[in-house]
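Peer 1: no sequence on hand, only this structure:
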């Protein structure tokens, strides 16, 4: 049976990359939703020209943008079976979406994460602090929750009904770790698929700044320890 699939792309000033991302998404997808997170460049114009549905979320924060996309879908008459999240900076390879959704369709897996493994990463595509942060977070998840996750990558696919059941709430840097922790707590079936990862177009709004790196690290650790005591 053909699956109804929607993609949500949070984007803040990704005018140079957003059309490339949209154009590389496989045609199996029913709708591509770009959530402009208070962009001040031509992100919205370029995304619209490339064929995406464009929403505006003036409150800055990755989670705010994702929640805006989810709210838009919740108000639609026809709900999708699968939601895919990926970034708008062209660091992910959108064509690998097929690899992420296949285990959901064929094996009934609830949640599939694209893991940015070392052998598939372009040199310099992840900063040392990102690599360490991912290692620390996934190590703590292994110890505290018996998790097998190796990454907190943004490229991920999840059944729509399972996504709703997670009751996502984080507004900023903790969105990805919140999803993984709640999936573990609710005992969702999950799988990691190794994905390619390249140097992004433009500068990262999180890992590209000391402030962003520190805040993201604090938020991630807060979520881990919050759920370790629940």
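Peer 2: Cool, got the structure. Predicted model only: the values in this text are computed from it and were never measured.
Peer 1: lowest confidence element among the helices and strands of the protein?
Peer 2: helix 210-228 (a mean of 70; mean pLDDT, DSSP states H and E).
Peer 1: just the helices in this structure please.
Peer 2: Taking DSSP state H as the criterion, the chain carries its helices at 18-24, 43-49, 62-74, 97-107, 128-145, 160-166, 175-185, 210-228.
Peer 1: for residue 41, which non-adjacent residue is closest in space?
Peer 2: Leaving aside its sequence neighbours, residue 41 sits nearest to residue 15 (Cβ to Cβ, 6 or more residues apart in numbering; 4.1 Å). (Glycine included, C-beta is placed from N, CA and C.)
Peer 1: and the nearest residue to residue 65 once chain neighbours are set aside, bridged to which residues?
Peer 2: Nearest non-adjacent residue to residue 65, counting by Cβ to Cβ, 6+ apart: residue 10, 3.4 Å away. Beta-bridge partners of residue 10, counted by DSSP bridges, are residue 35.
Peer 1: centroid residue for the chain?
Peer 2: For the chain, the residue nearest the mean C-alpha position is residue 154 (3.0 Å; Cα atoms, centre = their mean).
Peer 1: surely that one and residue 173 touch.
Peer 2: No: between residue 154 and residue 173 there is no contact, the gap being 11.3 Å when judged by Cβ atoms under 8 Å.
Peer 1: still on that earlier bit, look up how far residue 72 lies from the residue nearest to the centre of the chain.
Peer 2: Using Cβ to Cβ, to the nearest Å, one obtains 19 Å as the distance from residue 154 to residue 72.
Peer 1: circling back: which ones are touching the residue nearest to the centre of the chain?
Peer 2: Each residue near residue 154 by Cβ atoms under 8 Å, 6 or more residues apart in numbering is listed here: 85-87, 92, 176.
Peer 1: try it again with 6 Å
Peer 2: residue 87 (Cβ atoms under 6 Å, 6 or more residues apart in numbering).
Peer 1: same question for residue 37.
Peer 2: Taking Cβ under 6 Å, 6+ apart as the contact definition, residue 37 lies against 10, 12, 57, 60, 65.
Peer 1: same thing with residue 17?
Peer 2: Residues near residue 17 by Cβ under 6 Å, 6+ apart: 89-90, 201.
Peer 1: distance-wise, check it relative to residue 64.
Peer 2: 20 Å.
Peer 1: kindly report the same for residue 128.
Peer 2: Residue 128 is 28 Å from residue 64, by Cβ to Cβ.
Peer 1: ok, now residue 95?
Peer 2: Distance from residue 95 to residue 64, by Cβ to Cβ: 28 Å.
Peer 1: and those two? which has more neighbours close in?
Peer 2: residue 64 (19 against 11; other Cβ atoms under 10 Å).
Peer 1: near residue 6, how many other residues are there?
Peer 2: 22.
Peer 1: how about residue 167?
Peer 2: 9.
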